[in-house]
Every structure is written in C-alpha cells, then in structure tokens.
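Q: sequence? don't have it. structure:
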C-alpha cells in the first residue's frame, strides 16, 4: 500500500490517498472529486483521436482506491462526467454494478447527464450534502460552523528549489475551514494555488503524500 | 517560361514580379489571338505569397501588365483578410490571375468542385520560396502542388527564392525529386552584384560584463546621428517587444522625432502596417523600428540606411535586411550593426566576413510531416472526397513524403477513419468515413466547418485582439501576456500606453493612459539559433583575440578590456581548446561550457551532458544556453574531472542518450503541441469564439502524456521526437560538434566569480530542467530551503 497521510478535522480521522481520494474513517466514506469520465470519448466523438486505451485508466484507478479502503460509501464531489452521455456511461454502469459500495454524487458544473440515468443505476444525486459538521459541495464555499470538502479547482502547488529547480504538483489544499480535493481524473489539467500562512498543503508526490 | 518549370533566384526589388507575370500574360495572348475583344473567363494563373501584406503590391504590378497589354484579364486576391462576400463571389467567378497564400490555396482545395476551378490554370508561381522551404508551410505547398499537377491540364510551376545555400535542393523540393517536372526545369540565377557595407556601432565606453537583455539601449545616442544623416532609416529588431521598447525610448529621449517615426511588426493591425509601408515610399518617415515583418517583399526605394539591433543570427537574414537599403539595382547597401551586448561585437565582426564570402546558410526542408499530411487528406475528404489509390502516387512524388512506406500510409488512413489502428464497436470516433466505392469523405458538416477554420501550419499561442473600449482594433497579443495583467495595469503596445480594462470573449478592452510603464508584451518564438556557417565564422573571429592587434578587426580590438577581464581567471579559448569554467554564486553551482556552436546545438549538448552526469550520481540541474555556450546549474558541485575521466562528451551512443535525456525533458512535448493542432487533434476554436473550446488548448499537453502511456507507437507522437532531433537539436551538427570537442584539449578553470563569457548565460531566466533525483528528495530539499 502507498504512503498515505492521516489528518484530524473536527476530531475525526481522515486519510489522504496519493491517487487523490480522501477517506473518512468513522463513516467509511470515500470522497473523490473531478473524475471527468467521458472526456476521452467526448474528444474522439469530435474527431480528436485520443488513444482509446486511456478510457480504462480512470476505472482501473477507481478500482485501486476502492480496494485500498473498502468503503461503505463513495461520494463523488462533482464533475464525475465531463460531457453529455456517451459510450463511457456504459462502462460506468458496469463499474457501479460491480463495486460493493453505495455511491452518491454531489453534482458539479460538468454533470449534465439526466438525474434519471443515475437513479436507474441507484446513484443518488445531491446539489450538496451535510454530514455532521461537514459540508460537501462541488464549488468551494465556506458555511458558518461547518468544514467544507469540495473540488472543482483541480489544485496544484508550485515549488522552487536551489539551482532554480521548479516543480508543479497536484495537491490537497486545506485552509482553516475548507479542504479542496485534487482532480482524480487522469486526463485533466491543474490550477496552481498560492498558499497563505494559515493554509496547509498536501502534495501528491508519485505514490505518497507529502505535507509541504 | 518557354514551357519549362523552374526556380528563379533573385533578390527583392530586382523586378522579379514582372519577370514572371509577363510570360504568363503573353502565354494567354498567344493562345487567344482575339484577346482584345473576347475574354475567356476562369482562373489562369496563381501567385503564392507567404505574406498577406505583399499581395497588394503584387496585384498592382500584375494589373499594370494586363492593362498595358490591353487584355481584359482580371486580378484578384484571396487571403485570410478577404471578406466572405468577396470569397463567395470568387466561387462563381474566379479572377484570371489569383494572388493567394498557401493556407488559402488549401482552403480552395477544401471547397466542392475545386477541380473545375483549377482546370484551366496554366501557371503557378511560388514567391519567396526560401521562406516557405524550411517550414511546414513548405510541406503544405508541396502537397498543394502535387494535387494541382493532376488537376490542371497544363501547369507550369515556378518558384522565386532569395539566395540560400541549397538552391538546387530548393528546386527539387518545389517540383518533386522524381517528377517529370524536375527533369524539364531550369534554375536561373539573377546575377546582381550588389555591394554591401557593414559598419559596427562600437560603444564609446566598453563594458567588461556583457549583460544579456539590455536590448542595446545604451547605444541609443549613437544611433541618432545615423538616423538624422539619412533620409529614411529602418531599425531592425529581433523581437516585437524589443521593437516596442526601442520605439518608446527613442521618442522619450528625442521627442522631436514624434510624427516622423513609426513602428512596424506582425501584431500591429493591418491598416497601420499598410500606412507605414506607404509612408516609407512617400519618404514621409525618418525612421521605422521594425521586426522581420519588413524582411520580405515590398519595394522601398527611399530607404537609405538600415540598422540591425542585436545579432541577426543568420547570414541570409542579414543580407536580406542589408538589401533593404539602397534598394535599387547597382546601388550600395549600408547596414549598421548595433550589438546589444559586448559578445555580439564578435558576431558583428564575423558577419562582415560572411557578407564578404556570401556564406549563406541552407534551409532544411521537412521530411515525413505526417501532421500536415493528415490535414491535407482531411481537406480533400471535406471537398470532393478522395480515393487513396489516386492520391498515394501523388504524395509519393513530393520531397517530403518520398520515403513514406505502404504501412505508414495505411496507418494514416486508419487514423483518419477510426482514430486508431483497430476497430472497436463501442467507439464513437468520427471524422472521415469511407463510402462503398472506397472514397474517403467527410459527411459531418461540423467536422468540415471546424477543419476549414483550422487549415494552416502556423501555430501560435492563443492570440487575443486588443481593442479600445469604444471600438477600434489595435492589434493582437498573446493570451499568456494578458493573463498576467489585472484591470488597471498599464502596458505598452503599438507605441501607446494602454490601460487594461477587461477581457471579453477573445478580445482585451483597453483605454489610453498617461501613466508610464515598463510592461511590454513579449511574444514567444523570438529566439533564433546560429547556423553552422555562422558559428564557424564566429569561432574563427573569436580566435583572433589572441593575435597581434594589427591582425584584429576593429570590433575585436574594442573588446580588449573584456578579453583581459576574461583572462584574469580564465582564458579566451584557441582553436585547439575547449573551455570549461566552474564557480559558485548564491544561485548554486555554475558549470559553464563553451563550444561556440549556436543555441540549438547547445540546447542538445547540455541536455545530453546533464543526462550522462546524472548516470554517475542522481542530480537535478537547470540548463541555460546561448549561442556561445551553455550552463548546468545545480545545488551541488559536479566533479568535472569525473566528467572528463568518463569521457562524457563522446559522440558514441549520442542518439540513444539524447532520447533518454529528452524523456525527462520538455522539448518533444512542445513540438507535439503544434503537431496536435496541425493534425486536427486539438481544435483551436473558431475565430472570435475561442473561449468555449479553450480547454482544448491546454489539452495538447495532456494528450502527449496519454500517448506516451497508451500509444507510443503513434506516428504523430513519434514525429514530435523526430522533429526535435532533426530540426531543433540538429542531431547531425551535434555529432560533428562532439567529434570536434573530442579532438580538443580541455581547459577547466575554477573561478571565484562569474567571468565575462559566462555572464549572458547565467543571467538567462528561460531554462530547461533535467532531473533524475527522486521527486521526494527534491521536495525535501525545496522545503528545507523554504524553512531556512
């Protein structure tokens, strides 16, 4: 198993996984954000020949992270699907059927697939979720008295070293009352953020999480 | 033309336009004796020009001929600037003589029934062929010609080229290496003995440390008398930002030039550029600060003097610019060379020798540019469709694809139709379809429309148009620059101080501002490398530093102070020596190497060396290079003795080492960006509507990774590497350079501080990086630095 990082928020234990997921131990809930399924097929449909094999990568990684935690519940924090319905939906259906966990989706700006389609495969959709003192949403938003888990931003961090060494790494970006998850999807870009003094950054470095 | 094909070698301003228009019109007259009364409609000849800006000029000279000879022939222009209305009119009624660009020619090939349009075309002239030759636009031209040869019944093909090293090859590329056209062709050289005088502007006070990047402004005062002395002066700069800064600084210091001075570069709007060009002809301007945008075409008889600011990096380019002055056959051309840093004085001196021997470099044509071929095949599929058996032989006749294999051809066809090499049922890939009779067509109107938007091989950063809030277009700027501005920021553009208000769609709104600013947009792609010839001359010139003063040029003499500073801790290398310097600053440990081979070679060599060093022990270093040498900068000292003992400069295994070093490097990735756009894998958006598809822009980066992980045998992915090796790193030259170093005595100097030679390199901020240290280790070091 890879090197994970364990942190405490509101007296609850959370594990940060280097694939980009976050596991809430007490609830056995796995949070994953911005998978952007369907992007490869979307491109191909519009005449851009992205290698088809790349489609399966996302599902392989999902399997891996699920195997590492064996969660009761999996919650996607939005942008699960990149585009309208395409053939990757069928692959997702298969994945949902074979995955032994309850799956819910907090909808994001890219999630334009009809809710009925999700209901049919027993995936519930919410605009946002509140569990105990935690607030789950796609777009970053702080709510009084709650700690937020969100996505949307695809955060990364830039590092500088001696000899003008430079790096850009995807990361979990934690401010006082909010944690932004990195994008789980393979075929996505990142947006670099500048941490303030009070922020905590957990960078994904190959197969481990390093606190910066 | 005498029924022949050929290449005409002539400098601009020698009447070449007439030399080729005349026979075209005469040919029509011969075949249509009743030409004065009856006019046979339809396209008769095409004139290809690489620059839209030149088309007006060419049209005027064509019209003069058609009218003087009393024909009723019409002349038309079709470029990216032509209005939709005008284009629609051409569809039904083509002019007799059409002036167009390679891109617009392909757009014509993408419209239905193109074969009929071109049927009676008897001549095609490719102007400034040397400009197209070494680029993918050249490949585009080759492909266009390969089709026209079949479609037109009796076609004569002519190219016009300035002097380049490989004129014979230029003819071969134009006509096709095994074609009957090449057999029936001639190469005509216009022998114009033009005298060119090069004068260096030598600083009155010589600096010991040659800084990079102060743009030569310290010599501004010495330029003014030159401007005042002559009627019209052109000041050539190497980049658009340098052009902006020079223009601004001259006006600041010498406001009396206001109204008599103008600026000309590719990002300024067309009207302004045309106005400037006209003003030069009218002699109403004293000076024009410009970039390569004034390199080509356009006759400017009144230009008396040319000033080149900074090294022109190539002999051909320098000659072309020099030829801008005294622009009448027989007149002497004077060009002043203004060095932006002391080292460039060596370049100035070398340039004079080059001019004397007319040592002009080659333009290397592209081979196997599959991205352009995919674009071309899609073009044909969009218009009337194509049968592979018919097109394949045409393509094999081109220079670019003379060695294409049947397997590669099949691969390309599969790629077009299936987006891969094997068919899977659930796949939704859609672009080109095959009809029952085997014809390849595009049925989707959207695919067709998008493709037409994207025809072309010049890929720039996303460009944003700059407009006044109240309307009024000023020019275009790279999105990258605008993205760094916040509302209220002031920047200089097109010679004005502008305040940035907001971005709307694909345009930036601005208003005039009185605030002073030092923000000047930078445009990418301004960095050129020395050619092999030029670097050879440069080395010869440098070696004279150790000669007796009587044998030195004025420039080398002027550099004495810098040379003696250099000698304090190091040496000025001689032909048998290869210099290495090491020293430490607060940036880290600097390791300097001086092969004097030109930027491109140093880029490859530094990457190669860094990789080989990393095999000895894990290391992270950043690489910087210029035309004189390169630097490996690292957080720990590299043992140079170990480098030498292990013979790390050997040309053996060069290619495989380079390949491995590039894996962790970004060059191929950058090449791939262009390839992805040209081959249509990444859509750059419709003009003015780019934002919606903007996320596709950054996706060429992602695409590259996906190909690497899942489909590394993809021909387009591999092309990125081939191009990197052949065109960017110039593998062949690199090998020769390493062989030369192997013969040299290596002189390693450990210095206590930066030497004059090292200065321009270590101050360069644009760097490459190479590392094989564990990522986690690097981060630990970085964090250690943060907390220090």
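A: Happy to help now that I have it. The structure displayed is predicted, hence computed values, not measured ones.
Q: tell me the contacts of the residue of the stretch 1-150 of chain B at minimum distance from chain A?
A: At 14.9 Å from chain A, residue B:110 is the closest residue in the stretch 1-150 of chain B, using C-beta to the nearest C-beta. Heads up, the C-betas are built off the backbone N, CA and C, glycines and all. Taking C-beta atoms under 8 Å, 6 or more residues apart in numbering or on different chains, we find residue B:110 in contact with B:379-380, B:382-383, B:448, B:451-452, B:455.
Q: from these, pick the one nearest chain A.
A: Nearest to chain A out of the contacts of residue B:110 is residue B:451 (C-beta to the nearest C-beta; 8.3 Å).
Q: that closest one against residue B:680, yeah?
A: Yes. Using C-beta atoms under 8 Å, residue B:451 is in contact with residue B:680, at 6.4 Å.
Q: mean confidence for the helix or strand harbouring residue B:656?
A: Assigned by DSSP states H and E, residue B:656 falls within helix B:654-663. Helix B:654-663 comes out with an average pLDDT of 77.
Q: between residue B:451 and residue B:680, which contacts overlap?
A: Residues within reach of residue B:451 and of residue B:680 at once, by C-beta under 8 Å, 6+ apart, are B:375, B:378.
Q: roughly how far apart are residue B:348 and chain A?
A: Per C-beta to the nearest C-beta, to the nearest Å, residue B:348 is found 31 Å from chain A.
Q: how confident is the prediction for that residue, by pLDDT?
A: On the pLDDT scale, residue B:348 gets 85.
Q: what's around it, how many residues?
A: When neighbours are defined as other C-beta atoms under 10 Å in any protein chain shown, residue B:348 has 26 of them.
Q: where does pLDDT dip in chain A?
A: A:1-2, A:161-166 (pLDDT under 70).
Q: residues of the top helix by length along chain A that come out buried?
A: In chain A, assigned by DSSP state H, the helix with the most residues is helix A:54-69. Neighbour counts using 16 or more other C-beta atoms under 10 Å in any protein chain shown place A:54-55, A:57-59, A:61-62, A:65-66, A:68-69 of helix A:54-69 among the buried residues.
Q: okay if I get the residues you listed as CSV plus distance to chain B?
A: Converted to CSV, those look like this (distance: C-beta to the nearest C-beta, whole Å):
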residue, distance to chain B
A:54, 5
A:55, 9
A:57, 7
A:58, 12
A:59, 14
A:61, 12
A:62, 17
A:65, 18
A:66, 21
A:68, 20
A:69, 23
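Q: end-to-end on stretch B:159-175?
A: Using C-alpha to C-alpha, to the nearest Å, the end-to-end distance of stretch B:159-175 comes to 9 Å.
Q: and it, which residues are buried?
A: Under the neighbour-count criterion of 16+ other C-beta under 10 Å, stretch B:159-175 has B:159-167, B:169-175 buried.
Q: inside helices: which ones of the residues you listed?
A: Counted as lying in helices by DSSP H, out of the buried residues of stretch B:159-175, are B:167, B:169-175.
Q: just name the closest of those residues to chain A, please.
A: Distance to chain A across these (C-beta to the nearest C-beta) is lowest for residue B:173, with 29.0 Å.
Q: the residue nearest to the spatial centre of chain A: what's it in contact with?
A: By C-alpha atoms, centre = their mean, chain A has its centre lying nearest to residue A:33, at 2.1 Å. In this structure, residue A:33 makes contact with A:20, A:76-79, A:138, A:150-152, A:181-184, judged by C-beta under 8 Å, 6+ apart.
Q: just flag the most distant two among those residues.
A: Taking C-beta to C-beta as the measure, those span a maximum distance of 15.2 Å, between A:20 and A:138.
Q: next one: residue B:396 from residue B:242, what distance?
A: Per C-beta to C-beta, to the nearest Å, residue B:396 is found 44 Å from residue B:242.
Q: neighbour count: these two, which is higher?
A: More neighbours surround residue B:242 than the other of residue B:396 and residue B:242, with 24 against 16 (other C-beta under 10 Å).
Q: and the more buried one, helix, strand or coil?
A: Recorded secondary structure, residue B:242: helix (DSSP: H, G, I helix; E, B strand; the rest coil).
Q: pLDDT score for it?
A: For residue B:242, the model assigns a pLDDT of 82.
Q: do the same with residue B:313
A: You'll see residue B:313 listed with a pLDDT of 70.
Q: from memory it sits against residue B:627, does it?
A: Yes. Here residue B:313 reaches residue B:627: they are 7.5 Å apart, a contact under C-beta under 8 Å.
Q: who's more crowded, these two?
A: Set residue B:313 next to residue B:627 and count neighbours by other C-beta under 10 Å: residue B:627 wins out with 25 against 19.
Q: for that one, what are its contacts?
A: Residues in contact with residue B:627 (C-beta under 8 Å, 6+ apart) are B:311, B:313, B:347, B:529-530, B:535, B:538, B:596, B:598-599, B:602.
Q: that one in helix, strand or coil?
A: coil.
Q: angles on the backbone of it, please.
A: Here is the backbone geometry of residue B:627 (degrees, to the nearest 10): phi -70, psi -10.
Q: partner strands of the longest strand belonging to chain A, parallel or antiparallel?
A: The longest strand of chain A (DSSP state E) is strand A:166-175. Taking DSSP bridges as the criterion, strand A:166-175 sits next to strand A:155-160 (antiparallel), strand A:178-180 (antiparallel), strand A:200-205 (antiparallel) in its sheet.
Q: how far off centre is it?
A: Offset of strand A:166-175 from its chain centre (C-alpha atoms, centre = their mean, to the nearest Å): 14 Å.
Q: show me what from chain A comes close to chain B.
A: Residues of chain A lying close to chain B (C-beta under 8 Å from any C-beta of the partner chain) are A:40-41, A:43-54, A:57, A:86-87, A:90, A:159-167, A:169, A:186-189, A:203, A:205-206, A:208, A:210, A:212.
Q: could you give the number of residues near residue 87?
A: Picked chain A for this. The number of residues packed near residue A:87 is 16, by other C-beta under 10 Å.
Q: looking at chain B here, not the other one
A: Quick note: residue B:87 (other C-beta under 10 Å) scores 14 neighbours.
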